[in-house]
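Participant: For reference, the sequence and a predicted model appear below.
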Amino acid sequence: MLKKRKSEVYALGQHISMSAHKARRVIDQIRGRSYEETLMILELMPYRACYPIFKLVYSAAANASYNLGSNETNLIISKAEVNESTTVRKLKPRARGRSYSIKRPTCHISIVVKDISLDKDIDIIYPDMYISGGVWDKK
């Protein structure tokens, strides 16, 4: 009997104090890329959301090397998603005894890393908009 080996591991970051919209801006850049390319992109991007996402990608790769025994050169980011979480509400005192509500949004980030050496059926295909005609062929 053949047993299929698991080829995906994940890392979760919960209650990260930033809005989901700002984290999605960074996550959309790294989805589907290799692990090494992702680390270079996250180090060079100027957004505040890059650091917690960098830590999660690094943690997912450590989980893959520990649980699967895989090499970091064979890893790709197969799934990355950002979900909204609870909103922390604070009250700021204002003039004449009034108060003003401050809302701090938080988000949950999950990153799934896949080892392509364990799953031979998958080919990495990078979409190239210039080969298919892209935007300019539309009439």
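Facilitator: In hand now; what should we look at?

Participant: List the residues that contact residue 27.
Facilitator: 53, 80-82, 109 (C-beta atoms under 8 Å, 6 or more residues apart in numbering). C-beta coordinates here come from the backbone N, C-alpha and C atoms, glycine included.

Participant: can I assume it sits in a helix?
Facilitator: Yes: under DSSP: H, G, I helix; E, B strand; the rest coil, residue 27 sits within a helix.

Participant: in this structure, which spans are strands?
Facilitator: According to DSSP state E, the chain carries its strands in the segments 8-16, 75-93, 99-115.

Participant: just to revisit the earlier point, of all the contacts of residue 27, which two lie farthest apart?
Facilitator: Greatest spacing in the contacts of residue 27, by C-beta to C-beta: 53 and 81 (11.6 Å).

Participant: neighbour-wise, which of the two wins?
Facilitator: residue 53 (26 against 14; other C-beta atoms under 10 Å).

Participant: gap between the more buried one and residue 40?
Facilitator: The spacing between residue 53 and residue 40, counted by C-beta to C-beta, to the nearest Å, is 13 Å.

Participant: next one: residue 88
Facilitator: Applying C-beta to C-beta, the value for residue 88 to residue 40 is 33 Å.

Participant: before we move on, what about residue 24?
Facilitator: Following C-beta to C-beta, the distance that separates residue 24 from residue 40 is 20 Å.

Participant: out of these two, which sits in the busier spot?
Facilitator: residue 24 (17 against 11).

Participant: Spatially, which residue comes closest to that one, not counting chain neighbours?
Facilitator: With sequence-adjacent residues excluded and distances taken as C-beta to C-beta, 6 or more residues apart in numbering, residue 24 is closest to residue 82, at 4.9 Å.

Participant: Let me see the contact set for the residue of the chain lying at maximal distance from its centre.
Facilitator: Using C-alpha atoms, centre = their mean, the residue of the chain lying farthest from its centre is residue 96. It sits 44.9 Å away. Contacts for residue 96 were tallied using C-beta under 8 Å, 6+ apart; there are none.

Participant: Give me the common contacts of residue 53 and residue 81.
Facilitator: Residues touching both residue 53 and residue 81 (C-beta under 8 Å, 6+ apart): 27, 109.

Participant: just to revisit the earlier point, export the contacts of residue 27 to a markdown table and append columns for distance to residue 116 and pLDDT.
Facilitator: Shown next, in a markdown table, are the contacts of residue 27 (distance: C-beta to C-beta, whole Å; pLDDT from 0 to 100):
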| residue | distance to residue 116 | pLDDT |
| --- | --- | --- |
| 53 | 21 | 96 |
| 80 | 16 | 94 |
| 81 | 20 | 95 |
| 82 | 24 | 96 |
| 109 | 22 | 96 |
